[in-house]
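J.: any chance you can model this:
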Amino acid sequence: MGPRAQRPTMLSRIFALFAILATTAFAQAAPEDACKSPNASHDERIAGCTAIINAKRETGRELALAYCNRGFALTEKHERDRALADLEEAIKIDPTYACSFSNRGRVWQFKGELNRAIDDYDTAIKLDPKFSIAYNNRGDAYMRLNAFDRAITDFNEAIKLDPQNATAYGNRGYAFQAKRDYLRAIDDYSMQIKLTPQDLLAFINRGNVWRSMQNYDRAMDDFAEVIRLAPKDARGWRNRGLIKLMKDDFKGGIADYNKAIELDPKDAFSWNNRGIAKREIGDRAGAIADFKKTLEINPSLQTARESLRELGVKP
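T.: Take a look at the predicted model:
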């Protein structure tokens, strides 16, 4: 049926080593304080850090922190070349600041330069051996190289250093899932959900493991929770739709895929799987239309071509 793997974005989104100096609430603080506040938006952080940099009052670690934090925000906004320039400036100003190396590693990782990313994470860990986020990020880089055992070792250390690091639990769960160690994956995703109960991807990933274990009822529960938390997110609907197809509830699957397609009409797998369900209930015309739409979106999806041939239609 062609379900897509739910590969999470495995890099930690925790803004490392904030130096929160203000004692007043952020809403009442000076704009520059947004540079260091964990509650600032990316745009607010960029503006605050820029104000510090342009004021030319700070030097050393404080100036490096401003460049590092602005680089982090730019990374999150996918402005990676600008982020890289800021992080290199931060390293130039203070080459002993571990956070700058870890954040630059994230940029290299987003750019697909995994070995350079690992080199930066190595440096960050050497400078600060208790830097949980750097271990987590290096583990993610190893995982992208399919070095799952090395990745798990790093995630173990990240969790040991910070037992509240929900991202590390999720990443380790994904590594166990890739190794088909499903029970450990379930345990880690469950801990991630306990720490961050609003994390949609944690429920999706755990649901996918339940599906791999053929525990369709538990998978259904997790995808139903995704729908409850985010009814306008297509992922919950299409994942639950797939489970309904696996349980031979084709009409229920069609209803879920209708919603998934409404929310994300460019997802070829939703069209393909709805086509399968329509074929199973005898709606030949509807199935053909869905398989043709699937190929319009993704011409390389061979299952849709094969389904059309089985229905006597030339793809």
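
J.: tell me the SS of the spatially closest residue to Ala51 that is not a sequence neighbour?
T.: Spatial nearest neighbour of Ala51, chain neighbours left out: Glu32 (4.8 Å); criterion: CB to CB, 6 or more residues apart in numbering. Quick note: C-beta positions are derived from backbone N, CA and C, even for glycine. When classified by DSSP: H, G, I helix; E, B strand; the rest coil, Glu32 comes out as helix.

J.: list the buried residues in stretch 78-90.
T.: Across stretch 78-90, burial judged by 16 or more other CB atoms under 10 Å covers 79-80, 82-87, 89-90.

J.: if you could redo that for stretch 278-294, that was the one I meant.
T.: 278-279, 283, 286-288, 290-291, 293-294.

J.: still on that earlier bit, how much space between the residue nearest to Ala51 and Arg57?
T.: As judged by CB to CB, to the nearest Å, Glu32 and Arg57 stand 10 Å apart.

J.: who has more neighbours out of the two?
T.: Regarding Glu32 and Arg57, a neighbour count based on other CB atoms under 10 Å identifies Glu32 as having more, with 20 against 10.

J.: any idea how far Ala277 is from the more buried one?
T.: 56 Å.

J.: circling back: can you lay out the buried residues of stretch 78-90 as a markdown table showing pLDDT, distance to Gln214 and secondary structure?
T.: Formatted as a markdown table, the buried residues of stretch 78-90 follow (pLDDT from 0 to 100; distance: CB to CB, whole Å; DSSP: H, G, I helix; E, B strand; the rest coil):
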| residue | pLDDT | distance to Gln214 | secondary structure |
| --- | --- | --- | --- |
| Glu79 | 96 | 44 | coil |
| Arg80 | 95 | 41 | helix |
| Arg82 | 97 | 47 | helix |
| Ala83 | 96 | 43 | helix |
| Leu84 | 97 | 45 | helix |
| Ala85 | 97 | 50 | helix |
| Asp86 | 96 | 48 | helix |
| Leu87 | 97 | 46 | helix |
| Glu89 | 96 | 53 | helix |
| Ala90 | 96 | 49 | helix |
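
J.: where do the helices of the stretch 151-300 of the chain begin and end?
T.: 166-178, 182-195, 200-212, 216-229, 234-246, 250-263, 268-280, 284-297 (DSSP state H, counting those that start in this stretch).

J.: that older thread, from memory the residue nearest to Ala51 sits against Ile53, does it?
T.: No. Glu32 sits out of contact with Ile53 when judged by CB atoms under 8 Å, with a separation of 9.9 Å.

J.: count the neighbours of Arg180 for me.
T.: Residues near Arg180, counting by other CB under 10 Å: 10.

J.: may I ask which two of the buried residues of stretch 278-294 are separated the most?
T.: Across the buried residues of stretch 278-294, the longest distance by CB to CB is 15.3 Å; it joins Asp283 and Thr294.

J.: re the thing from before, make CSV from the helices of the stretch 151-300 of the chain and add mean pLDDT and distance to Glu113 to it.
T.: Formatted as CSV, those follow (pLDDT from 0 to 100; distance: least, CB to CB, whole Å):
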stretch, mean pLDDT, distance to Glu113
helix 166-178, 98, 19
helix 182-195, 98, 28
helix 200-212, 98, 25
helix 216-229, 98, 33
helix 234-246, 98, 29
helix 250-263, 98, 34
helix 268-280, 98, 30
helix 284-297, 98, 31
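
J.: how about the ones you listed in CSV, adding distance to Tyr67?
T.: As requested, those are exported to CSV (distance: least, CB to CB, whole Å):
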stretch, distance to Tyr67
helix 166-178, 24
helix 182-195, 31
helix 200-212, 30
helix 216-229, 36
helix 234-246, 36
helix 250-263, 39
helix 268-280, 42
helix 284-297, 42
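
J.: mean neighbour count, those: which tops it?
T.: Greatest average neighbour count among those goes to helix 166-178 (a mean of 26), per mean count of other CB atoms under 10 Å.

J.: now that one - C-alpha only, CSV.
T.: Extracted C-alpha coordinates of helix 166-178, given in CSV (Å, rounded to 0.1, in the frame of the first residue of the first chain):
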residue,chain,number,x,y,z
ALA,A,166,12.7,13.9,25.1
THR,A,167,14.3,14.3,21.7
ALA,A,168,17.0,11.8,22.6
TYR,A,169,14.4,9.3,23.7
GLY,A,170,12.6,9.8,20.3
ASN,A,171,15.8,9.5,18.4
ARG,A,172,16.9,6.3,20.2
GLY,A,173,13.4,4.9,19.6
TYR,A,174,13.8,5.5,15.9
ALA,A,175,17.2,3.8,16.0
PHE,A,176,15.7,0.8,17.7
GLN,A,177,12.9,0.8,15.2
ALA,A,178,15.4,0.7,12.4
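
J.: what angle separates that helix from helix 200-212?
T.: Put simply, helix 166-178 runs at 20 degrees to helix 200-212, going by axes from the mean of the first three to the mean of the last three CA atoms, to 10 degrees.

J.: how far off helix 182-195 does helix 166-178 point, in degrees?
T.: 160 degrees.

J.: alright, that wraps it up for me.
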